[in-house]
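Q: dropping a prediction and its sequence here:
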Amino acid sequence: MEKIAAQSNNWHGSLNLVYAQHQGKTQVIHAQVKAPLKVQRPFYPEDGVCHSVVLHTAGGIVGGDRNTLSFHLQPQSQALITTAAASKIYRSNGSSASQNVQIQVDANACLEWLPQETIVFNGAIYRQDLRVELAPGASWLGWEITRFGRTARGERFLEGEWKSHTEVWQQGKPLWIDRQWLPATETIINSHHGLNGQPIVGSFAWIGQPVTKEIVEQARNLWQPTNCHSLTGVTRLPTGLLCRYRGSSTTEVRHWFTNVWQLIRSSYLERPVCLPRVWQL
């Protein structure tokens, strides 16, 4: 059953995590949470990299809800943060829902921000903001996969609105600014300059070091389409790499992004991919 926002029952959740390197292992030294957000205890499936899993205990976001997440990695620390399940943005009664993520990565630290898929229900009004501040020598890798409408039920995103604003800065200079806006109309959904009838879009970004032309070509060659209507692109950023996807398969885009992630890890972070345990449940 679809959930309609009730103004008196809105959630204003928050999560604040601080990571620090100690004796070759990254640890969470500060954790402050407010429902419905929660974080599981840290996992260490690979050396000293800290794996954290964020949970949304309410099960989904409705109009009027606001989530604020803050992550701070102190010098030399290394963390991977994901979510326990797909995020659901329910139909709104007219109020906007929002999520704001603030990330600070100090010198020679690295954060991998890999949330699971977001499902935007028809009628949802949602805005997500993500801002990353990188110190010299710091790096950030992140992806975003969004499905518009519950396509397994034949639902399409024909009412509502979705906005996504991402900014990555270093010492007052912008490294990547990305603003996306999708008003839910039949024209936009079907337009070649919109979704072209496809329900899923995805972005993958690695920012921290310049990439070579060879890495760009390898990222392109890792793409193995299973749907002739899918469209992808790979672009060099001044200090990184950007991959885009538009198509109809979460499995397809996630497989590609994971392979590019493996390429970046082996080429720049000197470690193999280690899938978060929660993805394998």
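A: The structure has been received and is ready for your questions.
Q: switch to C-alpha atoms for all contacts and neighbour counts from now on
A: Will do.
Q: for the stretch 1-150 of the chain, what spans make up the strands?
A: Using DSSP state E, counting those that start in this stretch, the strands of the stretch 1-150 of the chain run over 12-22, 25-34, 37-39, 50-56, 66-73, 78-83, 87-89, 97-105, 110-114, 118-120, 125-134, 139-148.
Q: any chance of TSV for the ones you listed, columns distance to R156, mean neighbour count and mean pLDDT?
A: Putting those into TSV (distance: least, CA to CA, whole Å; neighbours: other CA atoms under 10 Å; pLDDT from 0 to 100) gives the following:
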stretch	distance to R156	mean neighbour count	mean pLDDT
strand 12-22	28	18	96
strand 25-34	33	16	96
strand 37-39	28	19	96
strand 50-56	24	21	96
strand 66-73	24	20	98
strand 78-83	25	22	98
strand 87-89	14	21	96
strand 97-105	19	21	98
strand 110-114	25	21	98
strand 118-120	10	22	97
strand 125-134	14	21	98
strand 139-148	7	22	98
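Q: would you convert these into CSV that also reports distance to T226?
A: Listed next are the strands of the stretch 1-150 of the chain as CSV, based on distance: least, CA to CA, whole Å:
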stretch, distance to T226
strand 12-22, 38
strand 25-34, 38
strand 37-39, 35
strand 50-56, 30
strand 66-73, 35
strand 78-83, 26
strand 87-89, 25
strand 97-105, 32
strand 110-114, 23
strand 118-120, 21
strand 125-134, 29
strand 139-148, 17
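Q: so which of those strands gets nearest I177?
A: I177 lies closest, by CA to CA, to one member of those: strand 125-134, at 9.3 Å.
Q: that closest one pairs with which strands?
A: strand 97-105 (parallel), strand 161-170 (parallel) (DSSP bridges).
Q: now the element after whichever strand or helix holds Q218, going C-ward?
A: According to DSSP states H and E, Q218 maps onto helix 213-221. Using DSSP H and E, the helix or strand that directly follows helix 213-221 along the chain is strand 231-237.
Q: against which helices or strands is that following strand packed?
A: Judged by 3 or more CA pairs under 8 Å, 6 or more residues apart in numbering; DSSP states H and E, strand 231-237 is in contact with helix 213-221, strand 240-247.
Q: closest one to I29 among the ones you listed?
A: It is, among the helices and strands packed on strand 231-237 and with distance given as CA to CA, strand 240-247, at 29.3 Å.
Q: tell me the buried residues in the closest one?
A: By neighbour count on 16 or more other CA atoms under 10 Å, the buried set for strand 240-247 is G240, L241, L242, C243, R244, Y245, R246, G247.
Q: so what touches it?
A: 195, 198-211, 216, 227, 229-236, 253 (CA atoms under 8 Å, 6 or more residues apart in numbering).
Q: so E252 sits in a strand?
A: No - read with DSSP: H, G, I helix; E, B strand; the rest coil, E252 is helix and lies in no strand.
Q: out of the buried residues of strand 240-247, the closest to I188 would be?
A: R246 (13.8 Å).
Q: need the nearest residue in space to the closest one, chain neighbours excluded.
A: V201 (4.5 Å; CA to CA, 6 or more residues apart in numbering).
Q: list the residues that contact the most centrally placed residue in the chain.
A: The centroid of the chain falls nearest to E144 when counting by CA atoms, centre = their mean (3.5 Å). Neighbouring residues of E144 by CA under 8 Å, 6+ apart: L114, P115, Q116, E117, T118, G202, S203, F204.
Q: recalculate using a threshold of 7 Å.
A: If you count contacts by CA atoms under 7 Å, 6 or more residues apart in numbering, E144 has them with P115, G202, S203, F204.
Q: thanks a lot, catch you later.
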